[in-house]
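Novice: After the sequence you'll find the predicted model.
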Amino acid sequence: MLPRAQVDEVARRFAAPLKRYFGARVRPGVDVDDLVQEVFLRLARRAEGGDLQAIEGYVFAVANSVMTDSYRSAARRLPAGYDAETGLEARTDAEERSPERILLGREELAAVERALLELPERTRIVFALNRYEDFTYQEIAASLSLSVSAVEKHMMRALAHIARRRRTL
């Protein structure tokens, strides 16, 4: 576990940025403070300490994971046919909801998830920040202390790997 002093320092440094981060990304009614608290709980459970100067990328990667878990949990509680984006009853064709189409979609999603897990951690974080959090390459570079060129290379590596793995389905 991280030393309490280090967790306290991270909490002081990142509480406000995490509230802004979650506030801009979650739907109204989601308790942002709970999400921030979960980030710090996960950080506190982290096995080893580290340089506080280089922890920013890790903090936001954990925040991304917390937010993803929150979305998944909320999605499981939605009624069938509910569109979380619009807040309306979703209208779908029978083909879109066919068991075959659902199975194919799940298999493809599982293959992409497996491909992402095969990537090095830094490449996965860069990909997630860009594709799931809409960070620009410049924002990713600044938050992870990388050059924009390095971010571009991580993205190219991730996209090429995912494309290769999807072709092997």
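Specialist: Good, I have the coordinates.
Novice: Is the most centrally placed residue in the chain within a helix or a strand, and which one?
Specialist: Centroid-nearest residue in the chain, with Cα atoms, centre = their mean: residue 64, separated by 3.5 Å. Element membership for residue 64, per DSSP states H and E: helix 56-76.
Novice: Which secondary structure elements does that helix sit against?
Specialist: Applying 3 or more Cβ pairs under 8 Å, 6 or more residues apart in numbering; DSSP states H and E, we find helix 56-76 packed against helix 4-23, helix 32-45, helix 121-131, helix 137-144. All C-beta spots, glycine's among them, are computed from the backbone N, C-alpha and C.
Novice: can you redo the ones you listed as TSV with mean neighbour count and mean pLDDT?
Specialist: Below are these laid out as TSV (neighbours: other Cβ atoms under 10 Å; pLDDT from 0 to 100):
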stretch	mean neighbour count	mean pLDDT
helix 4-23	15	85
helix 32-45	16	85
helix 121-131	19	90
helix 137-144	18	91
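Novice: Among the ones you listed, which comes closest to residue 165?
Specialist: In terms of Cβ to Cβ, the element of these nearest to residue 165 is helix 121-131, at 13.1 Å.
Novice: so what does that closest one touch, helix or strand wise?
Specialist: Here helix 121-131 touches helix 56-76, helix 99-118, helix 137-144, helix 148-167, going by 3+ Cβ pairs under 8 Å, 6+ apart.
Novice: can we see that at 7 Å?
Specialist: Packed against helix 121-131 by the contact rule (3 or more Cβ pairs under 7 Å, 6 or more residues apart in numbering; DSSP states H and E) you find helix 56-76, helix 137-144, helix 148-167.
Novice: What lies in contact with the shortest one?
Specialist: Taking Cβ atoms under 7 Å, 6 or more residues apart in numbering as the criterion, the residues outside helix 137-144 that touch it are 56-57, 60, 125-126, 129-130, 147-148, 151-152.
Novice: List just the nearest of these to residue 100.
Specialist: Using Cβ to Cβ, residue 130 comes nearest to residue 100 of the contacts of helix 137-144, at 31.9 Å.
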